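Peer 1: quick one: sequence plus predicted model below, questions after.
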Amino acid sequence: MSTEADATTAGEAGTARQPLVRLTGAKKHFPITQGIIFQREIGRVHAVDGVDLEVYPGETLGIVGESGCGKSTLARLVCKLLPLTEGTLEFEGKDVTHLAGNELRLLRRQVQMIFQDPYSSLNPRKRVGTIIGDPFDIHGIADGKERKQRVQELMEVVGLNPEHYNRFPAEFSGGQRQRIGVARALALRPRLIICDEPVSALDVSIQAQVINLLEDLQTEFHLTYIFIAHDLSVVRHVSDRVAVMYLGKVVELADAGRLYKTPKHPYTGALMSAVPVADPDLAEKRERVILVGDVPSPIDPPSGCRFHPRCPKAQPNCVTDEPPLEVKEAGDLAACHYPLEPGENLAKAKPGIQQETTAPQLASG
Amino acid sequence: MALLEVTDLRVQFRTDDGIVKAVDGVNFSLDRGQTLGIVGESGSGKSVTCLSIMGLARGGRVGGQALFQGKDLLKMHADELRAVRGKQIAMIFQDPLSSLHPFYKVGAQIVEMILAHEKMSKKEARDRAIDLLRLVGVPRPDRRVDDYPHQFSGGMRQRAMIAMALALDPAVLIADEPTTALDVTVQAQVLDLIERLQHEFGTAIIMITHDLGVVADIADDVLVMYGGKPIEIADRRSVYYQPHHPYTWGLLQSIPSVGAEHTGEKLRAIKGMPPSLIHLPTGCSFHPRCPYVMDVCKKEEPHLLPAGDNGAHLSACHLSIDEKQRIWQQEVAPTR
């Protein structure tokens, strides 16, 4: 893993750096039970199903994927809001998988989270000053006047008016509420902030403001980010490296620029091609890859390569053999038996297996 | 004669806090086979515009004119409008889980829709529903027709909604943020479906969205709305390559570009927040956020005027045509 570690640090010096966070063989399964008196497990949701990931100090690791890919669950595993079913979690080289009690509380000062929905992630009955100030109380760091001062400083840092200290969340707009969430996450000066779709619920013009704020804060406070989003343009803009997830697994992990220019995994290629671009000529020119089928359920994932029912390049061995996530080129990783070559036109690919079609059945074809 | 011609549409809602001017003077026309994109952020009035044309703006006071094949929809009796709605003008909404009834099978809902407008037997209507599901690419439609909405995924539900909307071959399809709630690859599937169906049936489409990327691909003309007012209207290429309004510039600059080189440059965000529709700013509603604001902007509301030689390209801004061209070419376009 160390050669991969050296090679995949994008834009930074190639010296071997200790990862801030390391997940090894991470799995998170949610059981589905039946029965009233005796609960029998009849199935599992394989939300995260074998993920190895490293995050380096100062970088922004983007995680993209569609519904059911496990990215939000992964975020909660790193944050220790959910326990791992299998696998280990290391923070600054120390195994924190089974941390509890006071030691866990100390860890929580280092890893914080910003949530997606600015309307449900703030307690509507608490004033803003309390929401941002609670971390100081919980960890016994500051109280009274000092706490208020630090909260107001934080409010200024994120672009809120410190005089609104006593207002309730309902008195703020969506973008401002998200800034409150940012201030709360920043309160304890964590090393790592996990941003779980922090701008998805915001209007485009407000998104840009919050993205700029997050970038400024990263520089000022030497933060490391894990940035989860389904909007590929946003992820591209903020990330150094990007991991693409599909049905509980990482299928590609590469430097952000290379991922978008020359994706290796067909799913990544399809994602790139599906992103709407605000450029009519470009939109017309490019050949769209329209995937067949629907995103399958994580309860019963397909055999072999999980993407085979929808992959434009699928071959018979894709149905039986699961491809490992391995280095393909320049330290970028992909899990595919037939990765994309530079310049390959995925829109023209024909699968070598039967797949369920969802193409419209028109007279004109 | 245009298929749908909307003139000076105004919609207001009375609330305890004051009168909300949701839509304040919208004009557009739509021809057969054409697609109009209506773009704007939350509170811009884009959804209420179309809901009120269909008579679905509950509690709103609607003014102006909406001529559909020469008859004013806003002045029709409830019965007349009901005959038009669904059969001639169909609508699909953002979240198919809340627009499909959870207690009824999907097939039954399509059948109900067909039988409300056409005379045929239940069996014939059911066969038609199965054909429609097959048409929109739902696999095994003869089985899926008896599923409930919660048994469909988001993309499939939206396809079922599209099937229902197109069941009676309407002249106009209004799609209100149809793909916002969907994953990006499913969005691509649904947009592809809508385009192909339009090509097949010649349906005129109004596509409401906040996503300038979606509209770039699918629209012929684009209407940009802000604070309930139309601020720019032009053909697709003009809006993206020669926009003439600071708000449109701001929107284009706010979007990070996937194709661009990773320059590490910051996004140019529009400062401030969208306006309250009860207490709109004086003069031009955009003036508190406009980087090019002048004194006149605070006092006088700008009218929609031609942006140059192209008479169809209108923009509501006090900046002169030359100024706008200069700013676009020298200051804004290089940042994209």
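Peer 2: It's in.

Peer 1: check the gap between A:Leu160 and chain B for me.
Peer 2: Separation of A:Leu160 from chain B (C-beta to the nearest C-beta, to the nearest Å): 13 Å. All C-beta spots, glycine's among them, are computed from the backbone N, C-alpha and C.

Peer 1: swap in A:Asp231?
Peer 2: On the measure of C-beta to the nearest C-beta, A:Asp231 and chain B end up 8 Å apart.

Peer 1: go ahead and confirm that residue touches A:Pro198.
Peer 2: No - in this structure, A:Asp231 is not within contact of A:Pro198 by C-beta atoms under 8 Å, at 10.8 Å.

Peer 1: neighbour count for those two, which is higher?
Peer 2: A:Pro198 (29 against 19; other C-beta atoms under 10 Å in any protein chain shown).

Peer 1: for the residue of the stretch 201-336 of chain B found nearest chain A, give me the pLDDT.
Peer 2: Nearest residue of the stretch 201-336 of chain B to chain A (C-beta to the nearest C-beta) works out as B:Gly213 at 2.8 Å. For B:Gly213, the pLDDT comes out at 87.

Peer 1: tell me the secondary structure of it, please.
Peer 2: helix (DSSP: H, G, I helix; E, B strand; the rest coil).

Peer 1: now for it, how many residues are close by?
Peer 2: 18.

Peer 1: wait, doesn't it sit right on A:Ala274?
Peer 2: No - B:Gly213 is beyond contact range of A:Ala274, at 10.4 Å (criterion: C-beta under 8 Å).

Peer 1: buried sites along stretch B:196-203?
Peer 2: Using 16 or more other C-beta atoms under 10 Å in any protein chain shown as the test for burial, stretch B:196-203 gives B:196-198, B:203.

Peer 1: for stretch A:278-291, same thing?
Peer 2: For stretch A:278-291, using 16+ other C-beta under 10 Å, the buried residues are A:278-280, A:283, A:289-291.

Peer 1: kindly report the same for stretch B:320-334.
Peer 2: Buried residues in stretch B:320-334 (16+ other C-beta under 10 Å): B:324, B:327-328, B:332.

Peer 1: how about stretch A:303-315?
Peer 2: Buried, per 16+ other C-beta under 10 Å, within stretch A:303-315: A:304-314.

Peer 1: can you name the two of these that sit furthest apart?
Peer 2: A:Gly304 and A:Pro312 (16.1 Å; C-beta to C-beta).

Peer 1: mind listing the strands for chain A?
Peer 2: A:21-34, A:40-55, A:60-64, A:86-91, A:94-95, A:111-114, A:192-196, A:224-229, A:241-246, A:249-255, A:326-329, A:332-334 (DSSP state E).

Peer 1: quick one: contacts of the second one?
Peer 2: Taking C-beta atoms under 8 Å, 6 or more residues apart in numbering or on different chains as the criterion, the residues outside strand A:40-55 that touch it are A:1, A:5, A:19-34, A:61, A:70, A:73-74, A:77, A:87, A:192, A:224, A:226, A:243, A:245, A:247-250, A:253, A:298-301, A:325.

Peer 1: go on, the first one?
Peer 2: Residues outside strand A:21-34 that contact it (C-beta under 8 Å, 6+ apart): A:39-55, A:70, A:73-74, A:77-78, A:82, A:84-91, A:111, A:192, A:226, A:299.

Peer 1: listing partners with orientation, what would you give for that strand?
Peer 2: Strands that pair with strand A:21-34, judged by DSSP bridges, come out as strand A:40-55 (antiparallel), strand A:86-91 (antiparallel).

Peer 1: let me know the angle separating that strand from strand A:249-255.
Peer 2: 160 degrees (axes from the mean of the first three to the mean of the last three C-alpha atoms, to 10 degrees).

Peer 1: check residue 296 and give its pLDDT.
Peer 2: All of this refers to chain A. Confidence for A:Pro296, expressed as pLDDT, is 80.

Peer 1: I was after chain B.
Peer 2: On the pLDDT scale, B:Val296 is placed at 94.

Peer 1: how about the contacts made by it?
Peer 2: By C-beta under 8 Å, 6+ apart, the neighbours of B:Val296 are B:283, B:318.

Peer 1: before we move on, what about A:Gly159?
Peer 2: Taking C-beta under 8 Å, 6+ apart as the criterion, A:Gly159 is in contact with A:179, A:209, A:213.

Peer 1: now list the buried members of the residues you listed.
Peer 2: Looks like the contacts of A:Gly159 have A:179, A:209, A:213 buried, using 16+ other C-beta under 10 Å.

Peer 1: burial check on the closest residue to A:Pro324 other than its chain neighbours, number of neighbours?
Peer 2: Once flanking residues are discounted, A:Pro324 sits nearest to A:Ala335: 6.2 Å by C-beta to C-beta, 6 or more residues apart in numbering or on different chains. A:Ala335: 24 surrounding residues under other C-beta under 10 Å.

Peer 1: tell me which stretches of chain A form helices.
Peer 2: Here chain A has its helices, by DSSP state H, at A:2-7, A:71-78, A:101-108, A:128-138, A:144-157, A:174-186, A:204-221, A:232-238, A:256-261, A:266-274, A:280-285, A:316-320.

Peer 1: what is the neighbour count of the residue in chain A that chain B sits nearest to?
Peer 2: With C-beta to the nearest C-beta, the shortest gap between chain A and chain B falls at A:Pro276, namely 2.8 Å. A:Pro276: 24 surrounding residues under other C-beta under 10 Å.

Peer 1: next: A:Gly68.
Peer 2: Quick note: A:Gly68 (other C-beta under 10 Å) scores 23 neighbours.

Peer 1: test my guess that it contacts A:Leu247.
Peer 2: Yes - look at A:Gly68 against A:Leu247 with C-beta under 8 Å: they come within range, at 6.7 Å.

Peer 1: near chain B, which residues of the stretch 101-250 of chain A are found?
Peer 2: A:173, A:175, A:203-209, A:211-212, A:215, A:230, A:232-234, A:236-237 (C-beta under 8 Å from any C-beta of the partner chain).

Peer 1: may I see the strands of chain A organised as JSON lines, with mean pLDDT and mean neighbour count added?
Peer 2: Conversion of the strands of chain A to JSON lines gives the following (pLDDT from 0 to 100; neighbours: other C-beta atoms under 10 Å in any protein chain shown):
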{"stretch": "strand A:21-34", "mean pLDDT": "93", "mean neighbour count": "17"}
{"stretch": "strand A:40-55", "mean pLDDT": "92", "mean neighbour count": "19"}
{"stretch": "strand A:60-64", "mean pLDDT": "96", "mean neighbour count": "26"}
{"stretch": "strand A:86-91", "mean pLDDT": "96", "mean neighbour count": "18"}
{"stretch": "strand A:94-95", "mean pLDDT": "94", "mean neighbour count": "11"}
{"stretch": "strand A:111-114", "mean pLDDT": "95", "mean neighbour count": "24"}
{"stretch": "strand A:192-196", "mean pLDDT": "95", "mean neighbour count": "24"}
{"stretch": "strand A:224-229", "mean pLDDT": "94", "mean neighbour count": "25"}
{"stretch": "strand A:241-246", "mean pLDDT": "96", "mean neighbour count": "26"}
{"stretch": "strand A:249-255", "mean pLDDT": "95", "mean neighbour count": "25"}
{"stretch": "strand A:326-329", "mean pLDDT": "87", "mean neighbour count": "14"}
{"stretch": "strand A:332-334", "mean pLDDT": "93", "mean neighbour count": "24"}
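
Peer 1: any idea how many residues pack against B:Lys229?
Peer 2: The burial count for B:Lys229: 23, using other C-beta under 10 Å.

Peer 1: show me what contacts the nearest residue to it once chain neighbours are set aside?
Peer 2: Spatially, and ignoring its direct neighbours in sequence, B:Lys229 is nearest to B:Asp24 (5.0 Å; C-beta to C-beta, 6+ apart). Applying C-beta under 8 Å, 6+ apart to B:Asp24 gives the contacts B:10, B:45, B:227-229.

Peer 1: CSV for the strands paired with strand A:21-34, including distance to A:Ile353?
Peer 2: What follows is the strands paired with strand A:21-34, written out as CSV (distance: least, C-beta to C-beta, whole Å):
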stretch, distance to A:Ile353
strand A:40-55, 22
strand A:86-91, 31
